[in-house]
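Engineer: Pasted the sequence and its predicted model underneath.
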Amino acid sequence: MAELVVYGRDSCSVCNRFKGSCDHGGLKYRFADVDVAGHKSEMLRKLRGAEWWTSGSKFRLPLVDVYGQLLERPSFGVVKAARDRLPREEKVDSMKQKFKDLDLNQDGTLSFDEMRQLMTALAPSLSEVQLQRLFCAADVNQNGVLELEEFIDFVMYGKVAAAKISAEAAEAAEAVETVEAVDVAEAAEADAGVEAETRYGTWEEWKAKTLEEHNFARRQHGVLPLAWSDECFRLAKQQARVCQAAGKMLRGNCHGPSGPHGQNLYWNPCTCPSPPVMVRCWTNEAVQPGYDFKTAVRSPGTEQFTQVVWKDTTHVAMALSDDEKFCIANYYPAGNVGDFQDHVFPEGTQPPKPFAGALAAVKGAGGKEEASFETNREGVETLRVRRYPHPTIDEILEPFPGTDFKERIKKAFQQGADLVTIDRVRQPPVSHVRVIATKGSAVVAQLVRLGVGFYSARRTC
């Protein structure tokens, strides 16, 4: 049977008495040496996250805030009953195997993308944003991924959380109908027809537009492009909700499992516009109030611009509050730390090419190698690669900035693809590319870009 462990402070007389009951009744009990003042807000945050698993006013697994704000003090009998409701060993073994099957990148955790299919099967009526809320609910420690224990909780109680999210959506829709027409008209006029996360298209389009505008600015200032980060998204989503609850812009949730994050904020009294509009608002700080590239020091009012183009930053994500009035962007590693002259460059600076020569290095390699490159008589360049990331992918896709090809190639490998074939034809001033991801003889994904300004992508299975 899965185990339940009770934690308490050795300085608390109530905890000590409870430990005696646990020892007598066969429950595991451990002391946790914690700083009350330093950990109180963290405990309250975790309790709020755990509320997704409530039924009525009772926690399905009893939790106590031992830092001074008791939400519910369970008796020994309640805790023992909760332990008895935990799944049997054979059920846990089945959950562990399912967890392993979903963990495509084998990092011991499950990302939102890895959980998407299971969540959709559990609650097919939930929208993309509601699925994100469901994932955040399951991610009780808010580190951006699900560990095995959180996954087991999700399997046991996910339907309860999904039903609650669905019910809240229905209540919100009913409330919207009561809004006066003048308020709706003012919001529509202020938004000027620009769509936000829930109205902007698919989840993939939201990510693609976030990366496209960021990386356009970074190319102008001679630094390498950013990639999307699920960790950044989870923290940004949490902070967006903090801002909504406070009714004002606040910084926070700037430290994830990977380390400190940078953060940009955006607020609109009606609703946030599309990612490109918000990113341009941040990068416009270079002009107004203006960043002095000659002195190259931190200057008030330009920190959001310098974060966007900070050389050492590699990952980003943007997330909206539930009311769509606040948007938070988290960046990793954090920018605006260190010498600005070495990290923020004037417009027109040429970006480095760390991958230069990667294709030449694998030219003529055998089909069993992890990458091989060849050019036929018609001038078609073909790269075959068996893993991601790989520097040859960066080099062959260099003429196609602003696309989400690399993200899609990464996803194809996560979904089981064992080979990606990239065909490129260069016909200056334009280039054409086709990407085919396969698993055995089956096509997993196919992407095409023909020249400048034409782009199509389709999943074939």
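Structural biologist: Sure thing, it's come through.
Engineer: all contacts plus neighbour counts: C-alpha atoms, from now on.
Structural biologist: OK.
Engineer: quick one: secondary structure of Cys232?
Structural biologist: Under DSSP: H, G, I helix; E, B strand; the rest coil, Cys232 falls in the helix class.
Engineer: Thought Asn330 was touching it, still the case?
Structural biologist: Yes. Between Cys232 and Asn330 there is a contact under Cα atoms under 8 Å: 5.1 Å.
Engineer: Need the contact partners of stretch 260-269.
Structural biologist: Stretch 260-269 is touched from outside by 232, 249, 251, 254-255, 272, 278, 282, 304, 307, 325-336, with contacts defined as Cα atoms under 8 Å, 6 or more residues apart in numbering.
Engineer: Now for Cys232 and Asn330: what residues contact both?
Structural biologist: Taking Cα under 8 Å, 6+ apart as the criterion, Cys232 and Asn330 both touch 261, 316-318.
Engineer: still on that earlier bit, out of the contacts of stretch 260-269, list just those in strands.
Structural biologist: Among these, DSSP state E puts 255, 326-332 in strands.
Engineer: For PyMOL, write the selection for the buried entries among those residues.
Structural biologist: Those of the ones in strands among the contacts of stretch 260-269 that count as buried under 16 or more other Cα atoms under 10 Å are selected in PyMOL with:
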select buried, resi 255+326+327+328+329+330+331+332
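Engineer: What strand or helix carries Thr382?
Structural biologist: Following DSSP states H and E, one finds Thr382 within strand 381-385.
Engineer: quick one: contacts of that strand?
Structural biologist: Here strand 381-385 has contacts from 367, 370-375, 392-393, 396, 419-425, using Cα under 8 Å, 6+ apart.
Engineer: And these, which of them are buried?
Structural biologist: Applying 16+ other Cα under 10 Å to these flags 371-374, 392-393, 396, 419-425 as buried.
Engineer: Max pairwise distance over the residues you listed: which two?
Structural biologist: Farthest-apart pair in these is Leu419 and Val425; separation 19.9 Å (Cα to Cα).
Engineer: so is Thr438 in a helix, a strand, or just coil?
Structural biologist: strand.
Engineer: Distance of Arg17 relative to Met156?
Structural biologist: Distance of Arg17 to Met156, computed by Cα to Cα, to the nearest Å: 31 Å.
Engineer: With neighbour numbers in mind, choose between those two.
Structural biologist: Comparing Arg17 with Met156 by neighbour count (other Cα atoms under 10 Å), the higher total belongs to Met156, at 14 against 10.
Engineer: The more buried one: what secondary structure?
Structural biologist: Met156 carries the three-state label helix when classified by three-state DSSP.
Engineer: what about the strands in the stretch 151-300 of the chain?
Structural biologist: 227-228, 255-256, 259-260, 262-267 (DSSP state E, counting those that start in this stretch).
Engineer: Indicate which one of those is closest to Gln117.
Structural biologist: So among the strands of the stretch 151-300 of the chain, strand 227-228 is nearest, using Cα to Cα, at 19.7 Å.
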